[in-house]
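Visitor: build the 3D model from these lines:
(one chain, ligands or ions: 1)
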Amino acid sequence: MINIVLFGKPGAGKGTQAEFLKEKYTLTHLSTGDIFRFNIKNETELGLLAKTFMDKGDLVPDSVTIQMLQSEVEKNPESKGFLFDGFPRTIAQAEALDVFLESKNDKITATVALEADDEILVKRLLERGKTSGRPDDQDEEKIRNRYQEYNEKTAPLMDYYRSQGKFYAVNGIGTIEEITERLSTIIDKF
Ligand SMILES: Nc1ncnc2c1ncn2[C@@H]1O[C@H](COP(=O)(O)OP(=O)(O)O)[C@@H](O)[C@H]1O
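Guide: Numbering: from 1, shown residues only. Predicted coordinates:
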């Protein structure tokens, strides 16, 4: 089983790359952002709760997110491996994921990060906001708040995975194909 964490700031292209990688490596793609948005659309209890945080550009609380992620993994017992996109985003989430996978005799294979400058990414998100309908992409203040959340809570994960010898970074600027190629070079090692 290969379990990949796709890592990067908001707008770095995780979702776009996940679409290609999940096909290429037959992985189950789990995007916590997409799952939350699906729940918001369907007005579930989880969706209503998540919305209050997402609309401000804040992270959804760990307890809620971890539980949701675990139940999504459990829904896919036949999976050949997972592509985690947007999870983990905090040390508590990463630790919970390690414990959870270990309980299944499994583990994270590698964490691959897409790197790009903040200014380029903010522009990308505002552009995406024009068509995505996502409220968190339409307001520069909310976008800046997401970067602050990233810097405070998510960036420390790089050291977390580095200390496990599982952190790899690629340049996230280039064509979609070029970037898929860069990510594949890493994943192919496993
Ligand atoms: N692992 C997570 N922990 C907490 N909140 C999350 C998590 N994943 C997604 N969210 C919530 O969903 C929002 C959108 O996430 P996502 O779709 O991954 O987009 P982006 O990477 O562009 O910010 C986040 O700003 C956050 O509020």
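
Visitor: around the ligand, pick out the residues from the protein.
Guide: Taking Cβ under 6 Å from any ligand atom as the criterion, the chain approaches the ligand at residues 10-11, 32-33, 36, 53-54, 57-60, 65, 86-87, 89, 93, 136, 146. (Glycine included, C-beta is placed from N, CA and C.)

Visitor: would you list every one of the helices in this structure?
Guide: Along the chain, counting by DSSP state H, helices occupy 14-25, 32-41, 45-54, 62-74, 91-103, 118-132, 140-149, 156-163, 176-187.

Visitor: would a markdown table of those with mean pLDDT and mean neighbour count be doable?
Guide: Listed next are these as a markdown table, based on pLDDT from 0 to 100; neighbours: other Cβ atoms under 10 Å:
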| stretch | mean pLDDT | mean neighbour count |
| --- | --- | --- |
| helix 14-25 | 97 | 17 |
| helix 32-41 | 97 | 18 |
| helix 45-54 | 97 | 16 |
| helix 62-74 | 97 | 16 |
| helix 91-103 | 98 | 16 |
| helix 118-132 | 94 | 15 |
| helix 140-149 | 95 | 16 |
| helix 156-163 | 98 | 15 |
| helix 176-187 | 98 | 16 |
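
Visitor: how much space between residue 82 and residue 6?
Guide: Look at residue 82 and residue 6: by Cβ to Cβ, to the nearest Å, they are 10 Å apart.

Visitor: more crowded one of these two?
Guide: Neighbour count, other Cβ atoms under 10 Å: between residue 82 and residue 6, residue 82 has more, with 26 against 23.

Visitor: now do the contacts for that one.
Guide: With Cβ atoms under 8 Å, 6 or more residues apart in numbering as the criterion, the residues that contact residue 82 are 3, 4, 27, 28, 29, 30, 73, 76.

Visitor: pretty sure residue 170 sits against residue 114.
Guide: Yes - between residue 170 and residue 114 a contact is recorded at 6.3 Å, counting by Cβ atoms under 8 Å.

Visitor: and for those two, which residues touch both?
Guide: When contacts are counted by Cβ under 8 Å, 6+ apart, residue 170 and residue 114 have 179, 183 as shared neighbours.

Visitor: how far off centre is stretch 105-125?
Guide: For stretch 105-125, the distance from its own C-alpha centre to the chain's C-alpha centre is 8 Å (Cα atoms, centre = their mean, to the nearest Å).

Visitor: now that stretch - C-alpha only, CSV.
Guide: Taking Å, rounded to 0.1, in the frame of the first residue of the first chain, the C-alpha atoms of stretch 105-125 are listed here in CSV:
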residue,chain,number,x,y,z
ASN,A,105,-0.6,-2.1,10.2
ASP,A,106,-0.1,0.7,7.7
LYS,A,107,1.8,4.0,7.5
ILE,A,108,2.5,7.1,5.5
THR,A,109,4.8,6.3,2.7
ALA,A,110,5.8,9.9,1.8
THR,A,111,4.8,13.5,2.0
VAL,A,112,5.3,15.5,-1.2
ALA,A,113,5.0,19.3,-1.1
LEU,A,114,4.2,21.7,-3.9
GLU,A,115,6.2,24.9,-3.4
ALA,A,116,5.3,28.3,-4.6
ASP,A,117,5.5,31.9,-3.5
ASP,A,118,2.7,33.4,-1.5
GLU,A,119,2.1,36.3,-3.8
ILE,A,120,1.7,34.0,-6.8
LEU,A,121,-0.7,31.8,-4.8
VAL,A,122,-2.9,34.7,-3.6
LYS,A,123,-3.3,35.8,-7.2
ARG,A,124,-4.2,32.3,-8.2
LEU,A,125,-6.8,32.0,-5.4
